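Asker: curious how this folds, go ahead:
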Amino acid sequence: MLFSISESGWWVIAIGVTVFFMVTMGRLSAGLDLPEELRSTLEEQARRGRWVFYIVTPMIAAVVLLVNLLRPEPAPQILFLYSVAFASIPFAIYPIRGRLLKYYVAQRQNPGTEVKPDRLITVWIVGFLSAVLLVTVIALMATSYGSPG
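Answerer: Numbering: from 1, shown residues only. Predicted coordinates for the structure are as follows:
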């Protein structure tokens with residue numbers, strides 16, 4: 001049932017997920033409390049780096065996708081993997097974005113100090129992406145090696 005969607009449908013899904021990724025990653029800091037001096041610095045950096053993010057990221061994604069489509073696997077499976085990967089990253093980062101921001105602010109305010117990794121952040125990202133990977137592999141195996149009939 002997962003791959004009963006046509007190849008063109010998977011292309012539409014992959015493009016939609018890429019747009020979703022670009023929009024959500026660009027808006028992750030929305031609604032967070034930033035110190036005023038850091039807010040102006042981040043806005044200036046965002047203006048300079050925005051074109052790089054919105055032009056280079058889709059180009060890199062397209063190259064990665066096209067290179068992977070040269071492999072012998074069917075295109076819908078590759079597009080499924082691409083879509084899962086791009087959709088899961090914003091969901092992995094969103095719940096911990098406040099903690100990430102706290103460490104980023106601390107690093108910006110004290111550039112010489114080393115910020116140690118937060119266990120909760122590490123456990124969340126590794127656990128969430130591992131769960132997504134497990135579910136994705138199970139979905140692929142169930143459709144590829146499911147019972148006939």
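
Asker: same for the one helix or strand residue 56 maps to, what does it pack against?
Answerer: Per DSSP states H and E: residue 56 is located in helix 36-69. The contact analysis (3 or more CB pairs under 8 Å, 6 or more residues apart in numbering; DSSP states H and E) places helix 36-69 against helix 7-26, helix 75-93, helix 97-109. All C-beta spots, glycine's among them, are computed from the backbone N, C-alpha and C.

Asker: mean confidence score for it?
Answerer: On average, the pLDDT along helix 36-69 is 79.

Asker: that one to helix 97-109, inter-axis angle?
Answerer: 120 degrees (axes from the mean of the first three to the mean of the last three CA atoms, to 10 degrees).

Asker: re earlier: let me know which of the helices and strands packed on helix 36-69 is tucked in deepest.
Answerer: Of all the helices and strands packed on helix 36-69, helix 75-93 has the most neighbours on average by mean count of other CB atoms under 10 Å, namely a mean of 18.

Asker: output the helices and strands packed on helix 36-69 in CSV, with distance to residue 58 appended to each entry.
Answerer: Compiled in CSV, these are given as follows (distance: least, CB to CB, whole Å):
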stretch, distance to residue 58
helix 7-26, 6
helix 75-93, 10
helix 97-109, 22
